[in-house]
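Q: Quick one, structure for this:
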Amino acid sequence: MMTLERAQQELDARRQKINPCYKPGYHLSVPAGWHNDPNGFGFFGGRFHLFYQFHPYDSVWGPMHWGHWTSADLVHWQDEPVAMAPDQVFDDYGCFSGTSIEKDGRFYLMYTGVQPTGEPNQYYQHQCMAESADGVHFEKWADNPVIDRSMLPEGASVYEFRDPKVEKTAEGYRVILASQGPNGGQLLCYTSKDLREWMFAGVYADHLADMSECPDVFELGGKNVLIVCEIGADAKLYGAPQVTLYTTGHEENGAFCAEKPLKLVDQGLDFYAPQTILTLDGRRVLIGWALSWSHIMPTHTLGHGWAGMMTLPRECTLDENGVLCQKPIRELQSLRRDEVHVENLSVQTKTALPQLDGKQREFEISIDMKDARSVSLNLLETDDERFVIAYDRAAEILRVDRSLCGYPLTEDLSPEKKPWCEAKMPLKDGRLKLHMFVDGSIVEIYADEGRVAMSSLAFPKGEAYGVSIEADSEVCVCADSWMIGM
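A: Numbers count the residues shown, from 1 in each chain. Presented below is the predicted three-dimensional model:
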C-alpha cells in the first residue's frame with residue numbers, strides 16, 4: 001500500500017544517498033527519486049506553491065505522488081512534506097497532474113485520479129479533489145471523483161481524460177481538461193458553482209494531434225492564450241512528436257477560437273507540461289518540466305538516485321504581433337554575485353574566455369557579427385567536450401547541439417538520434433544577443449527579446465565548465481556575467 005507516510009520515509013532515506021554531481025544549484029530539482037510535470041502552481045497563505053509529479057521509490061516514472069515546494073519570492077524554495085500519495089480506490093494507480101485554487105480561505109487541489117479497470121494495462125482517468133486549511137496537509141474528498149467517465153461526451157476516451165486546469169469565473173468555476181475524442185486530441189470544458197457539482201459545458205478545442213495534455217488557458221495583453229501539449233504532433237513541423245505549443249485567440253460560445261497557428265513555447269531539447277500563475281503584481285509567470293519523454297536522464301542511468309528538474313520561472317508577455325515572449329523573472333537577479341565584464345573583445349580563431357567559466361552562471365552576451373557568416377559559442381567545455389550554441393547568419397538559425405557533451409540522454413548511453421535543436425531568429429542591428437543560464441546539467445537560452453527560449457539538458461563528463469567562442473571571420477564580443485549563488 002502506498003501511503004503518505006511511506007512515501008515521506010522513502011524520500012527522507014533516499015535523499016541522503018543521491019549523487020549530487022549534476023544537481024542544479026538554482027533550478028528546482030527533485031530531492032530524490034523521479035519528477036515530471038509541475039502541478040498546482042498557485043498562491044495561498046502568503047506563499048507561492050508548486051507541486052510536482054513525483055515517484056519516490058525510483059529515479060524513473062512510477063505510480064504518481066505529488067511533491068511540494070513553497071516560496072515567498074519564486075526564487076528561494078522550501079521542501080514541504082509529500083502532499084498526496086495514491087492511497088484511495090479512485091487514484092490507486094496514481095495522483096496525476098492538476099491545478100490548485102483558493103476558496104473561502106482553504107486551498108484546493110484538483111487532480112486526475114487513475115484507477116485500474118481490471119483489464120491488463122487499462123486504467124480509468126477521472127477528476128478528483130483534495131483540500132487543505134494550512135496549504136501543507138491535504139485531505140482527499142470522500143466522494144471523489146467529482147468528474148467521472150459518465151460525464152464525458154460521446155466518443156471521448158475513458159482512458160485518456162486528464163490534467164484539469166481549474167479557474168474562478170464570474171459564475172463560479174471552470175475547468176479545462178485534456179481528452180481524446182473522435183478527432184484526436186481535444187479539450188473539454190466543465191463548470192461548477194461550488195467545485196463539487198460539475199456540468200459538461202462543451203468542447204473547448206479540437207483536432208489537437210493524436211492526444212492533448214496539460215492545458216493552460218489565461219489572458220495576456222488583451223488576448224486569450226492557450227498552451228497545450230500534443231502527442232503525435234508533426235515531427236517535421238515541430239522537431240518532435242510530443243511538444244508544448246501555444247496560440248492566441250478568443251473565446252466564442254464557450255470554445256477557443258485560435259487566431260494564429262500553434263507555435264512552440266520552447267524550442268529547446270527539454271521542455272514539457274508548463275503551468276502558469278498570475279502574481280499579485282499582475283505578471284504571468286510560467287515554469288516547465290525540463291525534460292522530454294523521449295530522453296532518459298543519465299542521473300538515473302548512472303545510478304545517481306534522482307531524475308527531474310524545472311526550468312527557471314519566466315515572465316510571459318505578448319509582442320505587437322501576438323508572439324509569446326519569455327524572460328527570466330527579475331527576482332533571479334538577487335542571486336547574482338562576482339560580476340565579470342568583457343568589453344569589445346575581437347575574436348576569430350577559437351578563443352577561450354576563462355573569466356566566464358563556471359558550473360552555475362548567468363551570461364548576457366552581445367556579438368557584433370560584422371562580416372562573419374557564422375559564430376559558435378561553446379559552453380560546459382573540457383578539452384574536446386563542449387555544448388555548442390551556433391548561429392548561421394544566412395539561414396537566420398540559432399542551433400543548440402549537445403552531441404559533443406558528455407553522456408547522451410538514452411537508456412543505454414548510445415548516441416542520441418537528434419541531439420540538436422534549432423530556432424529561427426534574425427539578427428538585430430547585425431548583433432547576436434543571448435541571455436543564458438548554466439546550472440550544473442541544464443542550459444537555458446533566451447534570445448530575440450524573449451521570442452526564442454531554448455531549454456536543454458547536458459551532462460558533461462569533464463569538470464571545467466569552460467567557455468570559448470569562434471567564428472569564420474572577425475567578430476566583436478561584449479559580455480556581462482555573474483556567478484549565481486543561493
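
Q: With just CA atoms, put the lengthiest helix in the chain into CSV.
A: If you go by DSSP state H, the chain has its longest helix at helix 4-14. Provided in CSV are the C-alpha atoms of helix 4-14 (Å, rounded to 0.1, in the frame of the first residue of the first chain):
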residue,chain,number,x,y,z
LEU,A,4,2.0,9.4,2.5
GLU,A,5,4.0,8.2,5.5
ARG,A,6,5.7,5.6,3.5
ALA,A,7,6.5,8.0,0.6
GLN,A,8,7.9,10.6,3.0
GLN,A,9,10.1,7.9,4.7
GLU,A,10,11.4,6.7,1.4
LEU,A,11,12.2,10.3,0.3
ASP,A,12,14.0,11.1,3.5
ALA,A,13,16.1,8.0,3.3
ARG,A,14,16.9,8.3,-0.4
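
Q: which neighbours does the next helix-or-strand element following it have in its sheet, and in what orientation?
A: Next helix or strand after helix 4-14 toward the C-terminus (DSSP states H and E): strand 33-44. Strand 33-44 has its sheet partners listed here by DSSP bridges as strand 47-55 (antiparallel), strand 306-307 (parallel).

Q: so how far is strand 33-44 off the chain centroid?
A: 10 Å (CA atoms, centre = their mean, to the nearest Å).

Q: Show me what the mean pLDDT comes to for that strand.
A: Averaged over strand 33-44, pLDDT sits at 98.

Q: Number of residues surrounding Trp198?
A: Other residues near Trp198 come to 21 when the count uses other CB atoms under 10 Å. In this view, the C-beta of every residue, glycine as well, is placed from N, C-alpha and C.

Q: ok, what's across the strand from Phe107?
A: Here Phe107 shows beta-bridge partners Glu102, Ser132, assigned using DSSP bridges.

Q: Could you check the helix or strand bottoming out on mean pLDDT in the chain and say which residues are buried?
A: Here the helix or strand of the chain ranked lowest by mean pLDDT, DSSP states H and E is helix 235-238, holding a mean of 92. Along helix 235-238, these residues count as buried under the neighbour rule (16 or more other CB atoms under 10 Å): Tyr238.

Q: Restricting to C-alpha, output that helix in PDB.
A: Backbone C-alpha positions of helix 235-238 (Å, rounded to 0.1, in the frame of the first residue of the first chain) are rendered in PDB as follows:
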ATOM      1  CA  ALA A 235       7.700  16.000 -36.100                       C
ATOM      2  CA  LYS A 236       8.800  17.600 -39.300                       C
ATOM      3  CA  LEU A 237       7.000  20.800 -38.300                       C
ATOM      4  CA  TYR A 238       7.900  20.900 -34.700                       C
END
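
Q: by contact count, what packs against that helix?
A: Helix 235-238 is packed against no helix or strand, with contacts defined by 3 or more CB pairs under 8 Å, 6 or more residues apart in numbering; DSSP states H and E.

Q: Helix or strand next in line after it, which one?
A: strand 242-252.

Q: Figure out how far stretch 452-463 is from the centre of its chain.
A: So, by CA atoms, centre = their mean, the centroid of stretch 452-463 is 15 Å from its chain's centroid.

Q: who are the neighbours in contact with Arg373?
A: By CB atoms under 8 Å, 6 or more residues apart in numbering, the contact list for Arg373 reads 392-394, 472-473.

Q: Which strand or helix spans the closest residue to Phe271 other than its chain neighbours?
A: Leaving aside its sequence neighbours, Phe271 sits nearest to Ser455 (CB to CB, 6 or more residues apart in numbering; 4.6 Å). Using DSSP H and E, Ser455 sits in strand 452-457.

Q: Partner strands of that strand, with direction?
A: For strand 452-457, pairing defined by DSSP bridges yields strand 442-447 (antiparallel).

Q: Can you tell me what sits against the strand it pairs with?
A: Residues outside strand 442-447 that contact it (CB under 8 Å, 6+ apart) are 24, 27, 268, 270, 290, 309, 311-312, 326-328, 379-380, 387, 389, 398, 400, 423, 425, 432-437, 452-458.

Q: how about the CA coordinates for it, as CSV?
A: This file holds the C-alpha atoms of strand 442-447, laid out as CSV (Å, rounded to 0.1, in the frame of the first residue of the first chain):
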residue,chain,number,x,y,z
ILE,A,442,20.9,22.5,-17.7
VAL,A,443,21.4,25.3,-20.2
GLU,A,444,18.6,27.9,-20.8
ILE,A,445,18.9,30.4,-23.6
TYR,A,446,16.7,33.4,-24.2
ALA,A,447,17.1,35.5,-27.4
